[in-house]
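Visitor: let's see this in three dimensions:
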Amino acid sequence: MIDPAFCQLMARYNTWQNSGLRDVVDKMSDAELRKDRGAFFGSVMATLNHLLWGDMIWMSRFDMGEAPPGGITESVHLTPTKAVWAAERFRMDGRITEWARHLKAIDLAGDLNWTNTNGEAKTDRMWVCVTHFFNHQTHHRGQVHAMLTAAGQTLPATDIPALLDRH
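Guide: Next up is the predicted model:
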């Protein structure tokens, strides 16, 4: 079982990592960001869009807020430009942080009833869904990190202890 402190740490980690990615992405050309690099979603931009879409869909299940349009297939086209992506990413990171900040232990207990992208009704333990949410972020950011490294970019540290050393 996870607790609110874990969620708050992971929300902070998510924001920190996405801030570093925004800085790197901002310096790259659109062609570099859209180049197929052999990853599951192909390009850096497609993967960043999918990751943002995934955060949006899971947060809509957790906070009953707005869900993104489309499904997984359309997720790679969520934002049209790196500037729009950066703005939406910033907003989503704030939404995640605020949600985590207000979490209570009871919020992580019990079940979450949700609908998957195939329209199937699902019920899972809330803490399992939240753990998946944070794991999904880390998984796809790892893919982005690998693609950016292969493209010759230098990225900031990714270790959680490095985040904790900052404050």
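Visitor: drop to CA atoms for contacts and neighbour counts, all remaining ones
Guide: Noted.
Visitor: which residues touch stretch 146-158?
Guide: Residues from elsewhere that reach stretch 146-158 (C-alpha atoms under 8 Å, 6 or more residues apart in numbering): 17, 20-21, 24, 37, 39, 43-44, 145.
Visitor: who wins for most neighbours among these?
Guide: V44 (28 neighbours; other C-alpha atoms under 10 Å).
Visitor: that residue and N18, how far apart?
Guide: Distance, V44 to N18, by C-alpha to C-alpha, to the nearest Å: 13 Å.
Visitor: same thing with L164?
Guide: Counting by C-alpha to C-alpha, the separation of L164 from N18 is 16 Å.
Visitor: compute the distance from the centre of the helix or strand harbouring A5 to the centre of its chain.
Guide: Per DSSP states H and E, A5 falls inside helix 4-26. Distance of helix 4-26 from its chain centroid, counting by C-alpha atoms, centre = their mean, to the nearest Å, is 9 Å.
Visitor: kindly provide the whole-number mean pLDDT of it.
Guide: Per-residue pLDDT values across helix 4-26 average out to 97.
Visitor: any low-confidence regions in this protein?
Guide: Along the chain, segments meeting pLDDT under 70 span 167.
Visitor: make it 90
Guide: The chain contains residues with pLDDT under 90 at 1, 117-118, 155-167.
Visitor: quick one: the strands in it?
Guide: For the chain, the strands defined by DSSP state E cover 111-115, 121-125.
Visitor: any idea how far R61 is from N113?
Guide: To R61, N113 is 8 Å away according to C-alpha to C-alpha.
Visitor: between the two, who's got more neighbours?
Guide: Set side by side, N113 and R61 show more neighbours around R61, with 17 against 14, by other C-alpha under 10 Å.
Visitor: and the more buried one, how far from A67?
Guide: Relative to A67, R61 is positioned 8 Å away (C-alpha to C-alpha).
Visitor: picking that back up, which elements pack onto the helix holding A5?
Guide: Helices and strands touching helix 4-26, by 3 or more C-alpha pairs under 8 Å, 6 or more residues apart in numbering; DSSP states H and E, are helix 82-101, helix 160-166.
Visitor: quick check: angle from that helix to helix 82-101?
Guide: Computed with axes from the mean of the first three to the mean of the last three C-alpha atoms, to 10 degrees, the direction of helix 4-26 lies at 170 degrees from that of helix 82-101.
Visitor: quick one: residues in contact with helix 4-26.
Guide: For helix 4-26, contacts defined as C-alpha under 8 Å, 6+ apart pick out 33, 82-83, 86, 89-90, 93-94, 96-97, 100-101, 103-105, 108, 134, 137, 153-156, 158, 160, 163.
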